[in-house]
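Participant: A predicted structure for the sequence below; I have some questions about it.
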Amino acid sequence: MNKGAAQQKQELAKLMDTLSALIRELTREKKEFLRRMESETLNLAFAIAEKVLNHTIATDKDAICKVLGSALKKIVDQDGIRIRVNPTITDI
């Protein structure tokens, strides 16, 4: 093998190493980005759900009863539970 071909092969090997390092870094960055986006997406979903539920509860008295009923089913010890409801809601 002549000197020029050996030098080109060495330069190509360096470029391949650099490319491999870049691919590893991009893969790591992508995973980190997706992890952050998953967390932010969940936060957004919960914020939207909270807004929808608050609106629904403010306007739909049956929704209040369903939410309370569901919450009470999850409570093991139901003695001494006090539930406070907005006083403007009078016919629950």
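Facilitator: Done, it's in.

Participant: Give me the distance between residue 19 and residue 25.
Facilitator: 11 Å (CB to CB, to the nearest Å). All C-beta spots, glycine's among them, are computed from the backbone N, C-alpha and C.

Participant: Please identify the buried residues of the helix or strand bottoming out on mean pLDDT in the chain?
Facilitator: Sorting the helices and strands of the chain by mean pLDDT, DSSP states H and E puts helix 61-74 at the bottom, at a mean of 75. Across helix 61-74, burial judged by 16 or more other CB atoms under 10 Å covers residue 64.

Participant: who does that helix touch, helix- and strand-wise?
Facilitator: Here helix 61-74 touches helix 3-59, going by 3 or more CB pairs under 8 Å, 6 or more residues apart in numbering; DSSP states H and E.

Participant: what residue ranges in this protein score low on pLDDT?
Facilitator: For the chain, applying pLDDT under 70 flags the ranges 1, 56-59, 76-81, 83, 85-92.

Participant: since we're on residue 49, how many residues are nearby?
Facilitator: 10 (other CB atoms under 10 Å).

Participant: if I pick it, what's in contact with it?
Facilitator: For residue 49, the contact set (CB atoms under 8 Å, 6 or more residues apart in numbering) is empty.

Participant: Please determine how far it is located from residue 42.
Facilitator: To residue 42, residue 49 is 10 Å away according to CB to CB.

Participant: for residue 17, same thing?
Facilitator: From residue 17 to residue 42 the distance is 38 Å (CB to CB).
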